[in-house]
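1. give me coordinates for this.
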Amino acid sequence: MRRAVLPVAALAGALALAGCGSGSGSDSGSSKAGLSVSASYMPQPVSADMAAGFLTIANKGGTKDELTSVTSDIAGQVTMHSTVGGAMQEKTSFAIPAHGQLVFKSGGNHLMFEKLKRKPEQGQKVTLKLTFAKSGPLTVEMPVKSATYNPSTGH
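-> This is a model prediction of the structure:
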């Protein structure tokens with residue numbers, strides 16, 4: 001019986017250490033600033049060549065970072081925009097404060113998927129890669145929702 005305890009304890013220790021290790025730049029779940037993505041979605045586009053995308057990037061770390069680019073295999077290019085006073089302006093980067101968040105939502109900051117290679121349909125997922133100034137890139141699977149989806153109601 002004692003022999004079984006030693007390998008189990010060694011395995012548990014190894015798993016605990018693996019969970020504490022720092023991620024590499026290609027690990028989609030870790031970053032220097034402690035970044036994570038939630039609430040991502042794309043309303044099903046009404047246009048065949050353009051779509052919008054929304055998400056929240058949380059920074060639980062003590063280091064500020066900056067979103068510098070977004071790419072997706074579904075689009076020729078993905079641009080980042082802010083909307084202030086009803087005027088949309090393309091941005092080259094967005095700051096993500098330490099212990100803060102960056103929100104992309106309808107009527108505010110948002111992503112524009114331009115030159116679509118195919119029109120995404122409700123129920124599908126779109127893959128995008130977020131690139132940051134300091135942290136490693138994050139890969140996000142963004143679900144396509146109905147064109148009239150409202151995240152506050154879930155419909």
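2. and the helices in the protein?
-> Secondary structure of the chain (DSSP state H): helices at 2-20.
3. poorly predicted segments of it, please.
-> Residues of the chain meeting the criterion pLDDT under 70: 1-32.
4. residue ranges of the strands in it, please?
-> Counting by DSSP state E, the segments of the chain that form strands are 35-43, 50-59, 65-72, 75-84, 87-91, 94-96, 100-104, 110-116, 125-132, 138-145.
5. what about the closest residue to Leu116 other than its chain neighbours, neighbour count?
-> Take Leu116 and drop its neighbours on the chain: the residue closest to it by CB to CB, 6 or more residues apart in numbering is Asp49, 5.2 Å away. All C-beta spots, glycine's among them, are computed from the backbone N, C-alpha and C. Using other CB atoms under 10 Å as the criterion, Asp49 is surrounded by 13 other residues.
6. can you check Ala75 too?
-> One way to gauge burial is a neighbour count; for Ala75, by other CB under 10 Å, it gives 24.
7. still on that earlier bit, let me have the strands of the chain in TSV, extended by distance to Pro151.
-> Listed next are the strands of the chain as TSV, based on distance: least, CB to CB, whole Å:
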stretch	distance to Pro151
strand 35-43	6
strand 50-59	7
strand 65-72	19
strand 75-84	16
strand 87-91	20
strand 94-96	19
strand 100-104	11
strand 110-116	13
strand 125-132	16
strand 138-145	8
